[in-house]
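# structural data only, the sequence is not supplied:
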């Protein structure tokens, strides 16, 4: 069955596209709230062309429509990009390493001795940051591996990828139900840390949530946290960190 999937950088819609078995499927990832972009004149015209082609047999050139179109975000606006597939062809998975001793992050692993930081469960958590010396784009899925321990038998991890300007302020974006969202959000209850390797990727763990495995207080556990959706951002030179 033909599929036109309209996704948002702040919802789950891309998973439906990836799982669909259809050979005739198109994906459009946009930004903004949940309704306005979907019902814009441009989007309605796109949907009408899709239905006219497949339901009425109208020869309107739909077969030439790019299989994937994504709205790439920048702090000062967006640009559209067409592609043949999702993830975008040429995407390179990249690891960034967190340094607990300095609160920094880097694409190169630290050579310093292992370190750890702690925080109160109701506190502000931890932040790791890095400046960018040249314009950098991140478009794709996000995941984070942490080694965590708790003074209790369970804990919830909430992870956010943020863009910070030179004055230390968060640069936020319009989300599907919130006018001020970061670049990405992920969360996991550590007792549900088990993941299915067959359905997971290096940057996107799949947690089946079939069992609860309590933590032993004080013991370190590897925890893979997936984010609800992929993200897209072009970071200007030296504006801040993802």
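Yep, that arrived. If you're wondering where the values come from, they're calculated on a predicted model, not measured in any experiment.
# going forward, measure contacts and count neighbours with C-alpha atoms only.
OK.
# break the chain down into its domains, please.
For the chain, automatic domain parsing gives the domain ranges 3-83, 97-235.
# need those domains in JSON lines (columns: mean pLDDT, distance to residue 90 and mean neighbour count).
Shown next, in JSON lines, are the domains of the chain (pLDDT from 0 to 100; distance: least, C-alpha to C-alpha, whole Å; neighbours: other C-alpha atoms under 10 Å):
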{"stretch": "domain 3-83", "mean pLDDT": "92", "distance to residue 90": "10", "mean neighbour count": "16"}
{"stretch": "domain 97-235", "mean pLDDT": "92", "distance to residue 90": "11", "mean neighbour count": "16"}
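# what ranges do the helices span in this protein?
Along the chain, the stretches classed as helices by DSSP state H are 13-19, 41-56.
# I'd like those as JSON lines, with distance to residue 197 appended.
Shown next, in JSON lines, are the helices of the chain (distance: least, C-alpha to C-alpha, whole Å):
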{"stretch": "helix 13-19", "distance to residue 197": "16"}
{"stretch": "helix 41-56", "distance to residue 197": "36"}
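# which one of these lies closest to residue 235?
Residue 235 lies closest to helix 13-19 among those, at 22.8 Å (C-alpha to C-alpha).
# show me what the closest one is packed up against.
Under the contact criterion of 3 or more C-alpha pairs under 8 Å, 6 or more residues apart in numbering; DSSP states H and E, helix 13-19 touches strand 3-8, strand 25-30.
# identify whichever of those strands lies nearest to residue 150.
That would be strand 3-8 among those, by C-alpha to C-alpha, at 34.3 Å.
# what's that closest one in contact with?
Strand 3-8 has contacts (C-alpha atoms under 8 Å, 6 or more residues apart in numbering) with 13-14, 16-17, 22, 24-32, 34, 38, 47, 50, 176.
# just the strands in the chain please.
Taking DSSP state E as the test, the strands found in the chain are 3-8, 25-30, 68-74, 77-83, 97-99, 104-106, 136-140, 143-148, 156-161, 163-164, 170-171, 184-189, 221-226, 231-235.
# all good on my end, thank you.
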